[in-house]
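Asker: Quick one: sequence and predicted model below, then my questions.
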Amino acid sequence: MSSPLFVALSGPSGVGKDAVLNAMRASLDSAIHYAVTATTRPIRSGERDGVDYHFVSLERFQELRDRGELLEHAEVYGRWYGVPKAPLRDALAEGKDVILKVDVQGARTVSRLLPGALLIFLAPPSMEELERRLRIRKTESAEDMARRIETAREELAQAEHYHYVVENETDAVDAAVRRIAAIMAQEREQGGRPPPAL
């Protein structure tokens, strides 16, 4: 029996990571633990605390960081993001695969800390489509939008450092979910990867 997989799903802002993960939760095996990131950014309309993110104060975030309770943490667009370790340990001990959503910076950290992690890059069909998705969200100022678009261009160049690249076509989230599920099944058939030491 192979060890549970530790999957880091990454990609530029606006590529649809949340949409893909929500579709995976709705359609795939329940023996998958979806890691929830802690963040100091304000909650957006439609988001749920403890499901989309753990929305915490800067003080609480600093406490978790200083106690070594975050797998990785980074400042992104002026807000802090980090992944609490305890739920990941518990899920792996139960034999569950873990899927962690991280930005490209976070994926580099995960790769360094957990060499057995499976890195999947979620890519847009084109840069133009990614810009369109970012603009229709209307959650950032013009200045923040320009910064996100420039960062996304830089992040897309990092895709070659991942084990797999999955394209998230417009209005085809289910296809991306099936591709990720197929990758995970293939990895399990090949014996999985070394279990991470958290």
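Answerer: All right, it came through fine.
Asker: the longest helix in this structure is where?
Answerer: helix 173-189 (DSSP state H).
Asker: what's next to the helix or strand bottoming out on mean pLDDT in the chain, contact-wise?
Answerer: In the chain, no helix or strand scores lower on mean pLDDT, DSSP states H and E than helix 127-137, which sits at a mean of 80. With Cβ atoms under 8 Å, 6 or more residues apart in numbering as the test, helix 127-137 has contacts from 12-16, 124, 140, 145, 148-149, 152-153, 156, 170. C-beta: built from backbone N, CA, C; applies to glycine.
Asker: Save the residues you listed as CSV, and put in secondary structure, neighbour count and distance to Phe61 too.
Answerer: Shown next, in CSV, are the contacts of helix 127-137 (DSSP: H, G, I helix; E, B strand; the rest coil; neighbours: other Cβ atoms under 10 Å; distance: Cβ to Cβ, whole Å):
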residue, secondary structure, neighbour count, distance to Phe61
Pro12, coil, 27, 23
Ser13, coil, 21, 20
Gly14, coil, 22, 24
Val15, coil, 26, 25
Gly16, coil, 22, 26
Pro124, coil, 23, 30
Glu140, coil, 17, 21
Met145, helix, 18, 25
Arg148, helix, 23, 22
Ile149, helix, 18, 27
Ala152, helix, 21, 25
Arg153, helix, 13, 28
Leu156, helix, 18, 28
Thr170, coil, 12, 34
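Asker: which of these has the weakest pLDDT?
Answerer: The member of the contacts of helix 127-137 with the lowest pLDDT is Glu140, at 68.
Asker: distance of the closest residue to Leu70 other than its chain neighbours from Thr37?
Answerer: Nearest residue to Leu70, sequence neighbours excluded (Cβ to Cβ, 6 or more residues apart in numbering): Gly82, at 3.8 Å. With distances taken as Cβ to Cβ, to the nearest Å, Gly82 is found 7 Å from Thr37.
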